[in-house]
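**Student:** Sequence first, predicted coordinates after that:
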Amino acid sequence: MISFRWLPIFILGACAGYGVALFFNPERLRIEVAQPERAFTTVPKQPEQPIAPIQKTAPQQGRVQERPTRPRPEAAYVALIREAVAKREFSTALDLLAEAERRFGISAPRLILLAEIQRQRKSIRGARATLHRALAADPAMAEQIYPMLREVVTALVRMKEGALTFDEKVQMLSKEIIDDPGFAPYYALLGRLYYNHESYADAITNLEYALQLDHAQTALLSPLISAARERLASPGLIELPISSHGRVLDVEVKLNDARQGFRFILDTGASYTAISNRTAQRLGIVISQDLPLIQVSTANGVVKVPVITLDAVNLQGALVERVPAIVLSELKGFDGLLGLSFLNHFNIDINQDEGKLFLLKPFTD
């Protein structure tokens with residue numbers, strides 16, 4: 001039992017202890033005042049959860065980790081396409097071309113490769129259109145594009161299967177001449193078209209201009225120019241005088257680019273046109289051992305004779321180019337014989353009573 005005399009000291013000590021507690025924890029007083037009913041409630045402290053370590057995923061057995069692939073540069077596409085074209089793997093080449101165009105857009109070098117594929121697959125019209133696209137894409141590549149374009153245009157003009165009409169060929173050549181005015185063969189092709197269409201004045205104009213651009217074509221074009229002039233002077237049906245020596249019909253013929261005429265026998269029963277050895281020498285034709293040989297019946301029996309090709313045979317305006325002919329040692333004093341390899345290009349009529357030969361419009365080749 002506490003004595004009364006120590007009571008004041010006890011109370012003073014308790015007050016001092018409570019003051020010290022308030023000094024070190026002032027929040028406790030506010031909590032106890034706001035929520036007096038929880039003043040003595042003890043809240044247990046939650047234990048801190050440990051941080052889980054980062055798990056590293058082990059690579060699966062037997063599976064190679066994929067790495068992101070780098071896109072091919074354009075030069076790599078061009079190289080792969082060229083390789084595919086060289087191997088004639090056209091489907092692969094076309095797939096690569098389509099992929100490259102999606103990634104990089106239009107490119108003249110790739111368009112040239114596309115035109116080469118089209119040409120090899122006999123799509124000549126498509127190749128021409130593609131080459132014009134290449135020119136529009138990069139005019140600086142004209143020196144590389146024009147040689148290929150010239151080959152394609154020439155093939156289109158000469159093509160027989162699925163060929164263009166006369167008007168379409170003229171329009172095409174006229175456009176190409178505007179773009180490529182210094183290329184003489186375009187004018188030569190146009191001149192031949194006009195000649196075969198019996199437009200002889202236009203034929204002469206274009207053929208002569210082709211010669212002005214390229215004198216090396218004289219041997220090929222001068223016979224055609226001469227024939228066009230003769231046809232222009234006597235339009236329509238060709239009517240030729242013929243001389244009769246017994247059963248032999250005699251006509252004057254011009255060969256290749258020679259200006260002088262040659263005396264020929266007209267023989268509708270002979271399969272080949274023929275020239276003598278002497279005529280071959282006058283034309284500068286060399287009879288080599290590698291020429292093909294055929295068997296023919298002559299007065300001396302069956303013999304083997306060489307076969308040549310005459311650049312042009314012109315019978316007073318009736319012209320045929322690239323005529324197969326044989327070379328004989330002797331033709332009874334004549335320079336040659338006019339056979340069916342020439343005459344089959346025309347409808348012919350012979351009037352021996354009047355001494356005339358009629359050549360009708362040539363067949364369309």
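**Tutor:** Everything's here; your move.

**Student:** For the stretch 251-365 of the chain, just list every one of the strands.
**Tutor:** All strands of the stretch 251-365 of the chain, identified by DSSP state E, counting those that start in this stretch, fall at 262-266, 273-276, 293-298, 301-315, 318-328, 336-338, 348-351, 356-359.

**Student:** May I have the beta-bridge partners of Val305?
**Tutor:** Beta bridges link Val305 to Ile294 when assigned by DSSP bridges.

**Student:** neighbours of the closest residue to Arg282 other than its chain neighbours, just the number please.
**Tutor:** Distances taken as Cβ to Cβ, 6 or more residues apart in numbering put Ala258 closest to Arg282, at 7.2 Å, once the chain neighbours are dropped. Using the backbone N, CA and C atoms, a C-beta is placed for each residue, glycine as well. Ala258 is flanked by 17 other residues according to other Cβ atoms under 10 Å.

**Student:** I'd say Ala258 and Gly284 touch.
**Tutor:** No: using Cβ atoms under 8 Å, Ala258 is not in contact with Gly284, being 9.2 Å away.

**Student:** Could you pull out the buried residues of whichever strand or helix holds Thr205?
**Tutor:** Applying DSSP states H and E as the criterion places Thr205 in helix 200-213. Residues of helix 200-213 classed as buried: Tyr200, Asp202, Ala203, Ile204, Thr205, Asn206, Leu207, Tyr209, Ala210, Leu211, Leu213 (neighbour count, 16 or more other Cβ atoms under 10 Å).

**Student:** May I ask which of these comes out lowest in pLDDT?
**Tutor:** Between the buried residues of helix 200-213, the one the model trusts least by pLDDT is Tyr200, at 90.

**Student:** Distance-wise, check that one relative to Leu249.
**Tutor:** 27 Å (Cβ to Cβ, to the nearest Å).

**Student:** Can you give the distance of stretch 95-115 from its chain's centre?
**Tutor:** In terms of Cα atoms, centre = their mean, to the nearest Å, the centre of stretch 95-115 is found 14 Å from the chain centre.

**Student:** Any idea how many residues pack against Met148?
**Tutor:** Using other Cβ under 10 Å, Met148 has 17 neighbouring residues.

**Student:** Can you tell me whether I have it right that it is in a helix?
**Tutor:** Yes: using DSSP: H, G, I helix; E, B strand; the rest coil, the assignment for Met148 is a helix.

**Student:** hang on, Phe183 packs against Arg150?
**Tutor:** Yes: between Phe183 and Arg150 there is a contact at 6.2 Å, judged by Cβ under 8 Å.

**Student:** out of these two, which sits in the busier spot?
**Tutor:** Between Phe183 and Arg150, Phe183 has the larger neighbour count (other Cβ under 10 Å), namely 21 against 16.
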